[in-house]
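>>> sequence first, then the predicted structure, then my questions.
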Protein chains: 2
Amino acid sequence: MDIAARVYNHKWKIDPIIRSLIDTDFYKLLMCQSVFRNKPDTRVTFSLINRSKHVPLARLIDEGELREQLDHIRSLSLSRGESTWLRGNTFYGKRQMFRPDFMEWFEGLRLPPYFLERKGDQYELTFEGAWPEVMLWEIPALAVLMELRGRAVLNAMGRFELKVLYARAMTRLWEKIERLRTVDNLSIADFGTRRRHSFLWQDWCVQAMIEGLGRKFTGTSNCLIAMRREVEAIGTNAHELPMVYSALAETDAELARAPYEVLSDWHDEHDGNLRIILPDTYGTKGFLENAPDWLTKWTGVRIDSGDPATGADIAIDWWRKRGEDPRTKRVIFSDGLDVDKIVELQAQFAGRVNVSFGWGTLLTNDFRGLAPDDALAPFSLVCKAISANGRPTVKLSDNPEKAMGPPDQIERYKRVFGVGDQQRIAVEV
Amino acid sequence: MDIAARVYNHKWKIDPIIRSLIDTDFYKLLMCQSVFRNKPDTRVTFSLINRSKHVPLARLIDEGELREQLDHIRSLSLSRGESTWLRGNTFYGKRQMFRPDFMEWFEGLRLPPYFLERKGDQYELTFEGAWPEVMLWEIPALAVLMELRGRAVLNAMGRFELKVLYARAMTRLWEKIERLRTVDNLSIADFGTRRRHSFLWQDWCVQAMIEGLGRKFTGTSNCLIAMRREVEAIGTNAHELPMVYSALAETDAELARAPYEVLSDWHDEHDGNLRIILPDTYGTKGFLENAPDWLTKWTGVRIDSGDPATGADIAIDWWRKRGEDPRTKRVIFSDGLDVDKIVELQAQFAGRVNVSFGWGTLLTNDFRGLAPDDALAPFSLVCKAISANGRPTVKLSDNPEKAMGPPDQIERYKRVFGVGDQQRIAVEV
């Protein structure tokens, strides 16, 4: 019994879920720097959206505990070591990815206030303010809600139930890793920060991937774990960029151009493996058909909604039509992956294109079937920009189940981006 | 990292200080059984008394945390294993020390309510009700206050400060044990439950004594630790018995007889090493001079106040005068001991009488000089019966610093028991 260690551990009034501002996705920091440079004064509102209405978050999670965790996040600032790592580390082969002016701002940052209210069995949780600040709430807010919901379930479990629970989860994860180990030329990263079971569990998953997959494991989206475990920080950009740029458009013509403007700004800042197109915000097909030629030179495409094979085929066809060799290009699958799908997609596309996987929730939160009433199963929780400078944002995606925005604006966007009927696919995680 | 164990440890809303009704002194249970048989309906009030006024308990300890800890104690009941151990274990060589009717009552017991109020920088903490119930609050109440005060200090310390703190405390304890190891025929027990630094620390001290002293370590007063570490549970009786019996006396003549009545009741119930006289409640000298002859047959005397060598000499002289051979008798020293005093008393009395030591606060709470402002130094906190059936209790002891009761009653008791001038000795722990 190490009495000193035990006393230290029990000193905390709360067990903080987020203990670092870089316990977040790497792409958030990349996008934050881009927004800090290009749209620093845009006012945005981010809001929590629980797509899984059957999970009564406000019944499961105590409001006081939630506030304590969110307040703790607001007390965090970048530590000296974190700052040194961000300033000095090589990301995607490049040093000084983060510019001094951005780092100086980031070092002084505290996250802005949150607005929390219980509405029936759900929480309304919103964040308002300058885009570069507000956007950094998304990942920690989601991780806090997922972990507090998990803790509520774990609280009812005994000492041996917990041992068995984690033994089963570890066994399951290791069996997945053993299957993946047999896949030739696999290239897979952890994308599971936001909906992880817990920080410690994600950290454990990353260590298991390092040991089990060796070079097939390319890194983690989580900056803090990348720093601690000395692996690559992985990620490029996300839907919030085209969503906010589009909301700011004054006319339909500006709206049609907005998603390309995002990538034009990105093009100025990044090259190589950071030039990854996320084409599905307003429909992959139309986006690629109408894309300017310089976009065909980009390194790859990330498929984040709709049927992944269809999306990859559309990208491959597009490269071929525009005179590019798909075998020099990369397709990153990142939507709702688990081992079967990964093995299947690798078999289907290896050789035709470079394939990568961003494995999220079912890597870091596959507790399905491990608790009574499946109370630890992951569910679909997101935190999105819902407005920018007072205008609502819209997302169509390649799956109408993931669409968001006011109905009239959804119709307008469908018209502007020429999106017709879409295949509806159930969203689980 | 054992995630399951960590999750389990963090599930507790509080870190309970007292987790068992037998985390108490063995003599409390012996006395409780005696009271349960002889005076079950006596109404008593116990009260916390901080003799060290310079320790501002109410400034150091949060009232809410104190209430949580006290409420937790009220939620405890005897576990099946604890009951089995009390019913089946051999204490002082005797099986079934605890009678079935007492055990049945004890198994159904929950501790009665407490009354807590802040008064300036101190807490007023009292317990009222039937004697057998209320008396069981004394030890856990003291242990909670001592440990909460310690936690308040530990909370301000960093991870390495804590490591060093405990490293120093362990080193100090081990050096004491190494000195004691060289003392021939030593017989020493842990009496440090009530004013221990913490439960874990007391448990560690007992383990260190087991390893370091072997058979020279005779056991612990703490029932829970005795059960867990499989050592003897040690203890006989305390001042509360004569104090309450005396308060119940209707006349001066009854008062003069009361302390002997206590031992007469005890005599009926116990023999051998449990027949230990605690003579100092109203002055050792007068008590022994006026004692009935059957008391000279008892096994020994416990010296708990005044100058210990003087007290032991008085007992030895008394035995000689009454025709007893002191070398067949036992003297137990239990007041404010530390190693120097133990070594000195052993050298002085070994061979003349059987010597034992009940080592308390400076065994289980010697953190003197280990924290800034000596904020972890032990101090003199007691919890005493202050009234019985509405009449105030009185204690004179062999040191006026330890006297308690209303001044007029103290004068009366001094007259009845023939107590004159006493030597005043500073009370530290």
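Nice, I can see it. Numbers count the residues shown, from 1 in each chain, chains lettered A, B, ... in the order given.
>>> what about the nearest residue to A:Ala256 once chain neighbours are set aside, how many neighbours?
Leaving aside its sequence neighbours, A:Ala256 sits nearest to A:Val416 (C-beta to C-beta, 6 or more residues apart in numbering or on different chains; 5.4 Å). All C-beta spots, glycine's among them, are computed from the backbone N, C-alpha and C. Using other C-beta atoms under 10 Å in any protein chain shown, A:Val416 has 20 neighbouring residues.
>>> please apply the same query to A:Leu376.
Neighbours of A:Leu376 under the rule other C-beta under 10 Å: 21.
>>> can you give me every residue that contacts it?
Shown in contact with A:Leu376 (C-beta atoms under 8 Å, 6 or more residues apart in numbering or on different chains): A:Gly150, A:Val153, A:Leu165, A:His197, A:Phe367, A:Arg368, A:Leu370.
>>> tell me which helix or strand the first one sits in.
Secondary structure assigned from DSSP states H and E places A:Gly150 in helix A:138-154.
>>> now check that helix, is it near chain B?
Yes - if you take C-beta under 8 Å from any C-beta of the partner chain as the test, helix A:138-154 does meet chain B, through A:Arg151, A:Leu154.
>>> and the next element down the chain from that helix?
helix A:159-181.
>>> for A:Glu128, which non-adjacent residue is closest in space?
Among residues not flanking A:Glu128 along the chain, A:Thr45 sits closest, at 4.8 Å (C-beta to C-beta, 6+ apart).
>>> for A:Pro308, what are its contacts?
Contacts of A:Pro308 (C-beta under 8 Å, 6+ apart): A:Phe333, A:Asp335, A:Lys341, A:Leu345.
>>> residues in contact with the worst-scoring helix or strand of chain A on mean pLDDT?
Lowest by mean pLDDT, DSSP states H and E among the helices and strands of chain A is helix A:3-11, with a mean of 80. Helix A:3-11 is contacted by residues B:9, B:15, B:151, B:154-155, B:159, B:162-163, B:165-167, B:198, B:200-201, B:204 when judged by C-beta under 8 Å, 6+ apart.
>>> only the buried subset of the residues you listed, as a PyMOL command please.
Command for PyMOL that selects the buried part of the contacts of helix A:3-11, burial taken from 16 or more other C-beta atoms under 10 Å in any protein chain shown:
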select buried, chain B and resi 15+151+154+162+163+165+166+198+201+204
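>>> element containing A:Glu128?
A:Glu128 belongs to strand A:122-130, assigned by DSSP H and E.
>>> ugh, typo on my part, it should be A:Ile49
Going by DSSP H and E, A:Ile49 is part of strand A:43-50.
>>> what secondary structure does the nearest residue to A:Phe367 once chain neighbours are set aside sit in?
Once flanking residues are discounted, A:Phe367 sits nearest to A:Leu376: 3.7 Å by C-beta to C-beta, 6+ apart. Put simply, A:Leu376 is coil when judged by DSSP: H, G, I helix; E, B strand; the rest coil.
>>> for B:Ile210, see how far away A:Leu376 is.
Distance of A:Leu376 to B:Ile210, computed by C-beta to C-beta, to the nearest Å: 43 Å.
>>> for the stretch 51-200 of chain A, which residues score under the pLDDT cut-off?
The model of the stretch 51-200 of chain A has no residue with pLDDT under 70.
>>> who in it is up against chain B?
A:Arg151, A:Leu154, A:Asn155, A:Arg159, A:Leu162, A:Lys163, A:Leu165, A:Tyr166, A:Ala167, A:Ser198, A:Leu200.
>>> and A:Arg181, how many neighbours?
Counted with other C-beta under 10 Å, A:Arg181 comes out at 12.
>>> so it touches A:Leu213, yeah?
Yes - between A:Arg181 and A:Leu213 there is a contact under C-beta atoms under 8 Å: 6.1 Å.
>>> cheers, nothing more for now.
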